[in-house]
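Asker: Give me the fold of what follows.
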Amino acid sequence: MKNLLQLLFLLIIQFTTAQTLLIPERVFDGMSMHENWVVLVNGNVIEYAGSRSGLDAAVGTEEIELPGMTLMPGLIEGHSHILLHPYNETSWNDQVLKESPVERSIRATNHVKASLMAGVTTMRDLGSEGAGYSDVYIKKSIEEGIIPGPRLLVAGPAIVATGAYGPKGFHDGVTVPLGAEEASGNDVIATVRRQIGNGADFIKIYADYRWQAGAASQPTFSMEEMKLMVETAKSAGTYAVAHASTPEGMRRAILAGVETIEHGDDATMEIYELMKKNNVALCPTLAAGDAISQYSGWNKKVDPEPERIVNKRKSFAMALKSGVTIAFGGDVGVYSHGENYRELELMVDYGMEPLEVLKTATSGNASIFHLNQLGNIQPKYLADLIAVDGDPSKNIGVMRNVTFVMKDGNIYKNAN
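Answerer: So this is what the prediction gives:
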C-alpha cells in the first residue's frame, strides 16, 4: 500500500509539473548558434537545451513549435529611460518641467510593456530625469505583477555636480526642478547612501556636462569626488556608472572605478586602452545620437551624414579596434520604447558583426551587469527567452519582429 501511494504521488508530480518544450529551427544560446536544438523549461528555470534525442521530457509537457525561428535569451537593454518619451513629441525640458511624476509614471507603464513585447526581458534604467524615485516604484509594480515589464535595474535620480545640470535658462530667483540630484564635495557620500537607501540598484554619476545652456560639455566632478561615490557604492554592495563624453571626464571616471562609461562620444584610443586596462565597458548609445540628429532635420534617406554621426562612426570604429568591452544600450526613451532594435541595427551598420551584437545584448550585458542567471540558454538559468522569425546572426533586421516572449517562465507573447 505504501509503495502504491508513493507511485501515485510521483505520477501526480509528473503530470502537474509546469514544463514547456520549445521547438525552434535554431537556438542562439548567448554565445553560439545551434541547429535543431530544443529548450525545456521547468517552472521559471531552463532544464535542458540541446538535441531532442538527448531529452526525456515528462508526460504532459506542453510543446510549442516555433517553425523557422531562432530562440534566444531575452535582450538585456543596458541604457534606457522609462520615464522619458521621444524628444520630437515633447522636449526634455518640457517633460521635466511640465509633466508631473504621476503622468510620467503612467506613461512608463506603457513604455516598459512596449520594451517587453519587443523582446527586452531585462532593462537597466539610467536615471529618472526629474521624476524622483518613480523608477523604483515602477520596478516594484513589475515585480509584484501589477504591470507587465522587463526585470528592472534602476539608478533613481542620478547624481550631478552642483550647478551642472538642467533645465537651464532661468534667472536665479526661479526654483527649477532638476533632472538629477546635485551634490558636491563630501556631500556626495550622503547622496550616494540616500539614493541606495531609497531603492537605487546602482549609482549613475554625470562625469561631464554643460555648465551653461548651449555650451560644450566639460568635466564636472573631480576624481576625488567620484572616488568617494564609487567607494561608497561598493561598500553598499553595488557599483557606479558614468555619463561621460569628454576625454577628461572619461579618464577621471575610469580611474575612479566606475564599471561602465555611457556615451563616450569623444573618446580617444588612449582612453579606450585605459578602459581595457581597468575593465570598464562602453555603452555607446548610438541610437540616441541618430534619433536626435533626425529630430534636428537630418533626412537619413537623402541627406549626407551630419558631423555628429560621422564622428560617432569613427569613435565606435576606434572602440572596436581597441577591443574594449561593448555594452548594448541605446538610450531608449530619447526615441520610442519598443524600438530597442534600433541600437542593434546601428551597431551592425557601424561595423560590428551581427553575432557579436547578439552576444553583447545577451550574455555580454549579463556579465557586465552581474546577472549570473540571465543572458544564456543553459540548465539552471532563468527562463527569459524570445524568438524571432529568421536568423538574426545573418540579418539583424529580423530583431524588429519578436514573435515570442517568455520572462521568468511566463509567456507574455506568442504570435505563432
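Asker: Leaving out the residues flanking it, which one is nearest to residue 138?
Answerer: Closest residue in space to residue 138, ignoring its immediate chain neighbours: residue 108 at 5.2 Å, by C-beta to C-beta, 6 or more residues apart in numbering. (C-beta placed from N, C-alpha, C; glycine too.)
Asker: whoops, I mixed them up, residue 355
Answerer: Nearest residue to residue 355 in three dimensions, chain neighbours excluded: residue 393, at 4.5 Å (C-beta to C-beta, 6+ apart).
Asker: wait, what's in contact with that neighbour?
Answerer: The contact partners of residue 393, taken as C-beta atoms under 8 Å, 6 or more residues apart in numbering, are 28, 33, 70, 354-355, 358.
Asker: And residue 18, by the same measure?
Answerer: By C-beta under 8 Å, 6+ apart, the neighbours of residue 18 are 42-43, 409.
Asker: for those, which one is nearest residue 21?
Answerer: Minimum distance to residue 21 across these is 10.1 Å, recorded for residue 42 (C-beta to C-beta).
Asker: Quick one: neighbours of the closest residue to the closest one other than its chain neighbours, just the number.
Answerer: Residue nearest to residue 42 in three dimensions, not counting chain neighbours: residue 19, with 5.1 Å by C-beta to C-beta, 6+ apart. Neighbour count for residue 19, taken as other C-beta atoms under 10 Å: 20.
Asker: Quickly run through the sheet partners of the biggest strand by length in the chain, with directions.
Answerer: Secondary structure of the chain read by DSSP state E shows that its longest strand is strand 62-73. Strand 62-73 has the following strand partners under DSSP bridges: strand 19-28 (parallel), strand 385-389 (antiparallel).
Asker: Identify the residues contacting the first one?
Answerer: The contact list for strand 19-28 (C-beta under 8 Å, 6+ apart) reads 33-42, 47, 49, 52, 55, 57-58, 60-73, 358, 362, 377, 385, 387, 391-393, 409, 411.
Asker: Give me the pLDDT value at the residue nearest to residue 42.
Answerer: Looking at residue 19, its pLDDT reads 96.
Asker: how close does it get to residue 241?
Answerer: 38 Å (C-beta to C-beta, to the nearest Å).
Asker: hey, where'd the helices end up in the stretch 51-200 of the chain?
Answerer: Secondary structure of the stretch 51-200 of the chain (DSSP state H, counting those that start in this stretch): helices at 92-98, 101-117, 134-143, 187-197.
Asker: Oops, could you answer that again for the stretch 301-416 of the chain instead?
Answerer: Using DSSP H, counting those that start in this stretch, helices in the stretch 301-416 of the chain cover 307-322, 341-349, 354-359, 365-368.
Asker: any chance of those in JSON lines, plus mean pLDDT, mean neighbour count and distance to residue 190?
Answerer: Output for the helices of the stretch 301-416 of the chain, formatted as JSON lines (pLDDT from 0 to 100; neighbours: other C-beta atoms under 10 Å; distance: least, C-beta to C-beta, whole Å):
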{"stretch": "helix 307-322", "mean pLDDT": "98", "mean neighbour count": "16", "distance to residue 190": "35"}
{"stretch": "helix 341-349", "mean pLDDT": "98", "mean neighbour count": "22", "distance to residue 190": "35"}
{"stretch": "helix 354-359", "mean pLDDT": "98", "mean neighbour count": "20", "distance to residue 190": "39"}
{"stretch": "helix 365-368", "mean pLDDT": "98", "mean neighbour count": "23", "distance to residue 190": "28"}
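Asker: Columns distance to residue 130 on top of those helices, output as a markdown table?
Answerer: Formatted as a markdown table, the helices of the stretch 301-416 of the chain follow (distance: least, C-beta to C-beta, whole Å):
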| stretch | distance to residue 130 |
| --- | --- |
| helix 307-322 | 25 |
| helix 341-349 | 24 |
| helix 354-359 | 32 |
| helix 365-368 | 26 |
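Asker: And those: which comes nearest residue 286?
Answerer: The nearest among the helices of the stretch 301-416 of the chain, by C-beta to C-beta, is helix 341-349 at 4.1 Å.
Asker: From the chain's centroid, how far away is the closest one?
Answerer: Chain-centre distance of helix 341-349: 14 Å, with C-alpha atoms, centre = their mean, to the nearest Å.
Asker: all numbers from here: first residue = 6
Answerer: Taking 6 as the first residue, the last one we looked at is helix 346-354.
Asker: Quick one: find the helix or strand in this protein with the lowest mean pLDDT.
Answerer: Within the chain, no helix or strand scores below helix 7-21, which has a mean of 45 by mean pLDDT, DSSP states H and E.
Asker: Just the local confidence number for residue 219, please.
Answerer: Residue 219 is assigned 81 on the pLDDT scale.
Asker: Report the rounded mean pLDDT for stretch 236-254.
Answerer: Here the average pLDDT along stretch 236-254 is 98.
Asker: residues of it that come out buried?
Answerer: 237-238, 241, 243-254 (16 or more other C-beta atoms under 10 Å).
Asker: how deep is the residue nearest to residue 143 tucked in, by neighbour count?
Answerer: With other C-beta under 10 Å as criterion, residue 113 counts 28.
Asker: Surely it touches residue 90?
Answerer: No. Using C-beta atoms under 8 Å, residue 113 makes no contact with residue 90, being 9.1 Å away.
Asker: give me every residue that touches residue 231.
Answerer: By C-beta under 8 Å, 6+ apart, residue 231 lies in contact with 210, 212, 245, 247, 257-258, 261-263.
Asker: Go again with 6 Å.
Answerer: Residue 231 makes contact with 210, 257-258, 261, according to C-beta atoms under 6 Å, 6 or more residues apart in numbering.
Asker: Report the two of these separated the most.
Answerer: 210 and 257 (9.8 Å).
Asker: Neighbour count: the two, which is higher?
Answerer: residue 210 (31 against 25).
Asker: did I read that right, that one in a strand?
Answerer: Yes. Assessed with DSSP: H, G, I helix; E, B strand; the rest coil, residue 210 lies in a strand.
Asker: what about the spatially closest residue to it that is not a sequence neighbour, distance to residue 360?
Answerer: Nearest non-adjacent residue to residue 210, counting by C-beta to C-beta, 6+ apart: residue 247, 4.9 Å away. Separation of residue 247 from residue 360 (C-beta to C-beta): 29 Å.
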